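*Asks:* need a 3D model of the following:
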Amino acid sequence: MVFTYGYAAFMNDFPTTLAYSRSVAHSLFSVFLLVGLLTLGRLDAYAQAYSLPTPPEVLQAYDSQTRSPSGKPGSGYFQNRSDYKIWVELEPESRKVTGRESVTYTNNSPHTLDKLVVRLYQDIYKKGFFGDYSIDENDRTNGVEISLLAINGDTLS
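*Replies:* From the prediction side, this is the model:
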């Protein structure tokens, strides 16, 4: 009987009870929001006081001015560029690929380049090449043959 009465009293007073509950919830939310904002301010100060260690490579990038502490490129940052033009001819009967390539390399660094690296990945098919590749003997070739190499129009031997 008491349970029924309490339930009936709640139902009869529902709008007032709901308004009261919203008011209490709003007040609690405001308090938690205020405490949260104050805590965030303290956490920021704490985080600045105790920063994570900076790796030596990053410190070196700061010293060379290639990166700034914000992570953006620094005044010493540069990017080199390569532009490729490739002409290729395929001879299916002889399984031969003949090609010509022009590479324009732009050195934007303050340093002089003292070497040129050419990677001949297709030489995995060269007879006598031993690697971790399973290649049928019928697919073996003489490898990549460079017939002419020139830099700025000067032919290299």
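
*Asks:* how about T104, nearest residue that isn't a chain neighbour?
*Replies:* D83 (4.5 Å; C-beta to C-beta, 6 or more residues apart in numbering). No exception for glycine: its C-beta is placed from N, CA and C like everyone else's.

*Asks:* how about the contacts made by the one you found?
*Replies:* Contacts for D83 (C-beta atoms under 8 Å, 6 or more residues apart in numbering) come out as V103, T104, T106.

*Asks:* can you pick the most crowded of the residues you listed?
*Replies:* V103 (12 neighbours; other C-beta atoms under 10 Å).

*Asks:* can you spell out which helices and strands pack onto the one helix or strand that residue maps to?
*Replies:* Per DSSP states H and E: V103 is located in strand 96-106. With contacts defined as 3 or more C-beta pairs under 8 Å, 6 or more residues apart in numbering; DSSP states H and E, the packing partners of strand 96-106 are strand 81-91.

*Asks:* ok, the strand it packs on: who's next to it in the sheet?
*Replies:* Within its sheet, strand 81-91 is paired with strand 96-106 (antiparallel), according to DSSP bridges.

*Asks:* and the helix or strand just after the strand it pairs with, which strands flank it?
*Replies:* Downstream of strand 96-106, the next assigned helix or strand under DSSP H and E is strand 149-151. Its sheet considered, strand 149-151 pairs with strand 154-156 (antiparallel) by DSSP bridges.

*Asks:* and the partner strand, how far from the chain's centre?
*Replies:* 38 Å (C-alpha atoms, centre = their mean, to the nearest Å).

*Asks:* what mean pLDDT does it have?
*Replies:* On average, the pLDDT along strand 154-156 is 85.

*Asks:* same check, this time on stretch 27-38
*Replies:* On average, stretch 27-38 scores 72.

*Asks:* now do stretch 92-105
*Replies:* Mean predicted lDDT for stretch 92-105 stands at 86.

*Asks:* run through who's touching that stretch.
*Replies:* Counting by C-beta under 8 Å, 6+ apart, residues outside stretch 92-105 touching it are 80-91, 141.
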